[in-house]
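Visitor: pasting the sequence and the predicted model now:
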Amino acid sequence: MNLEAIKAALESEVSGCRVEIVQNGSPSAQHSLLMAPEHALDIALHLRDAEMFCFDYCSNVTGIDWPGREITEKIKVRHIVDGVEQEVEESRKRESPAYLEAVYHLYSTQRRIGPLILRVRTTNRTDQVHLPSLTAVWRSAEFQEREIFDLFGIIFDGHPDMRRLLMWDGFMDHPMRKDYIEPDDYEYEPTAHDDVLKKAKVHQGGPGLL
């Protein structure tokens with residue numbers, strides 16, 4: 001079943017939902033479906049339970065950080081050139097919004113199809129970083145959503161145990177974000193060495209650790 005057919009079926013059978021196909025230009029050509037957060041749980045349940053889908057296994061969930069960036073696009077416009085209207089190509093720049101994204105890879109063990117790749121995005125990457133948890137649909141998403149919360153900062157509403165998984169509770173940042181700056185003290189490093197030792201020397205303002 002291709003993505004166009006899945007998209008059409010979802011929009012027909014899940015009330016109010018809209019799904020967008022996200023093209024992947026890499027050699028893998030693993031195109032995906034982008035869901036709105038407010039419909040993500042209903043879509044997930046339908047993909048799992050509908051007989052035509054039976055996507056019963058979530059193999060992987062990962063996070064992506066998309067900072068705001070400037071995009072240059074080529075567009076065609078009509079101008080008067082030497083008194084004659086002509087179509088010319090111009091470059092225009094626009095700002096792409098910043099957001100965080102969770103990506104789910106699904107398989108149907110019954111129908112032996114997959115992966116189906118689902119995407120869901122936050123409103124921004126600062127104060128509106130909530131997404132619905134899909135752990136209630138696929139239990140295998142539990143630890144992976146926790147990892148995304150820990151390393152990217154997405155808060156999964158409805159998750160049964162939304163705690164940090166790798167970093168400690170008092171840690172204040174998200175190490176997989178693209179603007180993350182490593183600390184210079186590494187006080188948690190048992191034996192400082194190489195670059196860590198150099199940073200420790202600068203941080204302490206002395207001869208460093210021996």
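Guide: Received it, and whenever you're ready, just let me know what you need.
Visitor: quick one: the strands in the protein?
Guide: Remark: strands assigned in the chain by DSSP state E are 19-22, 32-35, 57-66, 69-81, 84-96, 99-108, 113-121, 130-132, 155-157.
Visitor: who does residue 79 bridge with?
Guide: residue 86 (DSSP bridges).
Visitor: wait, it touches residue 86, no?
Guide: Yes - here residue 79 reaches residue 86: they are 6.2 Å apart, a contact under C-beta atoms under 8 Å. Backbone N, C-alpha and C define where each C-beta goes, glycine included.
Visitor: where does the prediction get shaky in the protein?
Guide: Across the chain, the ranges flagged by pLDDT under 70 are 1, 184-193, 200, 203, 205-210.
Visitor: give the residue farthest from the middle of it.
Guide: Most distant from the centre of the chain: residue 83, at 49.8 Å, with distances by C-alpha atoms, centre = their mean.
Visitor: distance of that residue relative to residue 90?
Guide: 20 Å (C-beta to C-beta, to the nearest Å).
Visitor: what's the spacing between residue 175 and residue 154?
Guide: Taking C-beta to C-beta as the measure, residue 175 falls 14 Å from residue 154.
Visitor: give me the more crowded residue out of these two.
Guide: residue 154 (25 against 13; other C-beta atoms under 10 Å).
Visitor: touching, residue 107 and residue 53? I think so.
Guide: No - with contact defined as C-beta under 8 Å, residue 107 does not count as touching residue 53 (10.9 Å).
Visitor: have a look at these two and say which one is more surrounded.
Guide: Taking other C-beta under 10 Å, residue 107 and residue 53 do not tie; residue 53 has more neighbours (21 against 18).
Visitor: count the neighbours of the residue nearest to the more buried one when sequence neighbours are not counted for me.
Guide: Distances taken as C-beta to C-beta, 6 or more residues apart in numbering put residue 47 closest to residue 53, at 4.8 Å, once the chain neighbours are dropped. The burial count assigned to residue 47 is 25, neighbours taken as other C-beta under 10 Å.
Visitor: cool, residue 134 as well?
Guide: Neighbour tally, residue 134, other C-beta under 10 Å: 29.
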